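Visitor: would you be able to build a 3D model of this:
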Amino acid sequence: MNLEKIKSDIEAAVPGCRLQIILNGSPSGQHSLLLGREHAVEIARFLRDDPELRLDYCSNVTGVDWLDSETSEKVKVKKLVDGVEQEVEEVRKTRTPGYLEAVYHLYSMEKKHGPLVLRLRPENRTDHVTLPSLTPVWRSAEFQEREIFDLYGIIFEGHPDLRRILMWDEFEDHPMRKDYVEPNDYEYEPTPHDAVLEKSKQARAIEGQR
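Guide: Purely as a prediction, here's the structure:
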């Protein structure tokens, strides 16, 4: 599948949309398309319904959490040293804010091609974590978007049944986040056992000594 052509076709069919090709330098070379949130559902419908693409099957949806990162680069700058202008080497650091992603793998059962990998990113990973649900376009995304909501905290607007699927309802936080901190006491776990049960007993004993 020619990703450049797909990108061009989408831009022609969905005016004003934001698209970016994300290159993958691994041996698989599985490049992907990053979609802007505003037109994601419209783009999804185009990919499903276009007679040449007919990407009618979403095989997999997964969440990814990228923490803040920092890169260092050596640059040469001119500075006054003892009153004389000299070229010196400095290290400049660049901070990249972390982000969450939902990644969709699409295939065409009709045309026998794929995958096309789509990426969606919410505005940030703290207080603006909403994405449009693609379940209305590919029903197979329903449980997998629920899993991402449960474990990563992305809220999928337009999902038909967005609720936890692995953790219990009273559970707080999202355990697949890279900055997730495991609690000392699983107060709401329905059936604590083994190491969790022992940890819970220790936490209650400490609490009782205070």
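
Visitor: roughly how far apart are Ala195 and Asp150?
Guide: Separation of Ala195 from Asp150 (Cβ to Cβ, to the nearest Å) stands at 22 Å. For every residue, glycine as well, the C-beta is placed using N, CA and C.

Visitor: show me the contacts for the residue nearest the centre of the chain.
Guide: With the centre of the chain defined as its mean C-alpha position, the nearest residue by Cα atoms, centre = their mean is Glu101, 1.2 Å away. Listed by Cβ atoms under 8 Å, 6 or more residues apart in numbering, the contact set of Glu101 reads Gly63, Val64, Asp65, Trp66, Arg119, Leu120, Arg121.

Visitor: is the third one bridged to anything, and to what?
Guide: Spelled out, that is Asp65. With DSSP bridges as the criterion, Asp65 is bridged to Leu100.

Visitor: just the buried ones from the contacts of Glu101?
Guide: By neighbour count, with 16 or more other Cβ atoms under 10 Å, these hold Gly63, Asp65, Leu120, Arg121 as buried.

Visitor: narrow those to those in strands?
Guide: In this view, the buried ones among the contacts of Glu101 that belong to strands under DSSP state E are Gly63, Asp65, Leu120.

Visitor: take those and write them to JSON lines, including distance to Lys178.
Guide: Output for these, formatted as JSON lines (distance: Cβ to Cβ, whole Å):
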{"residue": "Gly63", "distance to Lys178": "11"}
{"residue": "Asp65", "distance to Lys178": "5"}
{"residue": "Leu120", "distance to Lys178": "19"}
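
Visitor: export these as a markdown table, with columns for pLDDT.
Guide: Converted to a markdown table, those look like this (pLDDT from 0 to 100):
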| residue | pLDDT |
| --- | --- |
| Gly63 | 97 |
| Asp65 | 95 |
| Leu120 | 98 |
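
Visitor: and which of those is nearest Lys7?
Guide: Comparing these against Lys7 with Cβ to Cβ places Leu120 closest, at 15.4 Å.

Visitor: ok, the residue nearest to the centre of the chain to Met109 distance?
Guide: Noted for Glu101: a distance of 25 Å to Met109, by Cβ to Cβ.

Visitor: picking up where we left off before, Ala195 and Asp150 - which one has more neighbours?
Guide: Set side by side, Ala195 and Asp150 give different neighbour counts by other Cβ atoms under 10 Å, the larger being at Asp150 (20 against 8).

Visitor: just say helix, strand or coil for the more buried one.
Guide: In three-state terms, and counting by DSSP: H, G, I helix; E, B strand; the rest coil, Asp150 is helix.

Visitor: ok, and what's touching stretch 119-136?
Guide: Under the criterion Cβ under 8 Å, 6+ apart, residues 22, 32-35, 37, 40-41, 44, 58, 61, 65, 97-104, 141-142, 145, 153-160, 162, 177 lie in contact with stretch 119-136.
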